[in-house]
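In: can't give you the sequence, but here's the structure:
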């Protein structure tokens, strides 16, 4: 399968338009059409409906394969180029919204003091965005957060041979309006909330597909999709009854009786933790120094193949 044809197909499927994809890729619309047709001929199946431009069942299945394939190809190129390039005078750190940054930022400040000419960029993005940025070389390091079983590493986007280091853990809470009937409970069980309405906020709260896997249930329906990374915005939606969310305890303000704002109730079962992990690929220059300093303060790196 020609990678360039695959890249063009993904661009069209995501844009929902041949002309928009052509603009993004810098091709003519006819060239884009010819490339998609060539890929369909190669695979012997139609990948896109033309009016409207949406993936067929086969096209949707190919999209599921294409994202990690293209990401790993980009990561391979970046990984090799990192080894042959000059040490950068710029260090970029990608951070997911609820990652625990306290320790890393302290080490980062010390690094900047020792290298005053070093430019440091800290960029907040969704969890998958952090992994993609590190894999593609847009970020030298990443801090990514998520909820998982206490003994398991985070489930991250498949992006090739990255290394993760567990930095911190804390408890998780079910976030709900302060006036909710369950707000006064001392603890809640995830299995009892399968039929509740949740907010689908994959870049901030625990993604609903992850909740389903943890609870081994097809429940956890959502009536509201939140694409932002602003935690305060999510808490405001919870407070007005938009739905529930699973968050780290530190992200939810302490509740006072009668307070209508969002509150958090600890989760009893299953035993879950909110973890922050440092993510990196091959290291050079300041990224090597920063990672070494962080490694000295944690016990065991968790390699991810």
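Out: Here it is on my side, so go on. Treat the numbers as computed from the prediction; the structure is a model and nothing was measured.

In: where does the prediction get shaky in the stretch 51-200 of the chain?
Out: Under the criterion pLDDT under 70, the flagged ranges of the stretch 51-200 of the chain are 75, 78-79, 81-88, 159.

In: give me the helices and strands touching the one helix or strand residue 213 maps to, please.
Out: Element membership for residue 213 (DSSP states H and E) is helix 208-215. Here helix 208-215 touches strand 141-149, strand 197-200, going by 3 or more C-beta pairs under 8 Å, 6 or more residues apart in numbering; DSSP states H and E. From N, CA and C alone the C-beta is placed, and that goes for glycine too.

In: residues of the longest one that come out buried?
Out: What that stands for is strand 141-149. 141, 142, 143, 144, 145, 146, 147, 148 (16 or more other C-beta atoms under 10 Å).

In: ok, now the shortest one?
Out: Applying a neighbour-count criterion of 16+ other C-beta under 10 Å, one finds 198, 199, 200 buried in strand 197-200.

In: which secondary structure elements does the helix ranked longest in the chain contact?
Out: For the chain, the helix that runs over the most residues, judged by DSSP state H, is helix 57-84. Helices and strands touching helix 57-84, by 3+ C-beta pairs under 8 Å, 6+ apart, are helix 3-15, helix 127-136.

In: in JSON lines: those, plus mean neighbour count.
Out: Output for the helices and strands packed on helix 57-84, formatted as JSON lines (neighbours: other C-beta atoms under 10 Å):
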{"stretch": "helix 3-15", "mean neighbour count": "19"}
{"stretch": "helix 127-136", "mean neighbour count": "23"}
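
In: need these in JSON lines (columns: distance to residue 222).
Out: Formatted as JSON lines, these follow (distance: least, C-beta to C-beta, whole Å):
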{"stretch": "helix 3-15", "distance to residue 222": "22"}
{"stretch": "helix 127-136", "distance to residue 222": "18"}
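
In: part of a strand, is residue 94?
Out: Yes. Checked against DSSP: H, G, I helix; E, B strand; the rest coil, residue 94 lies within a strand.

In: tell me the contacts of it?
Out: Counting by C-beta atoms under 8 Å, 6 or more residues apart in numbering, residue 94 touches 123, 125, 129, 130, 133, 134, 138, 139, 141, 142, 143.
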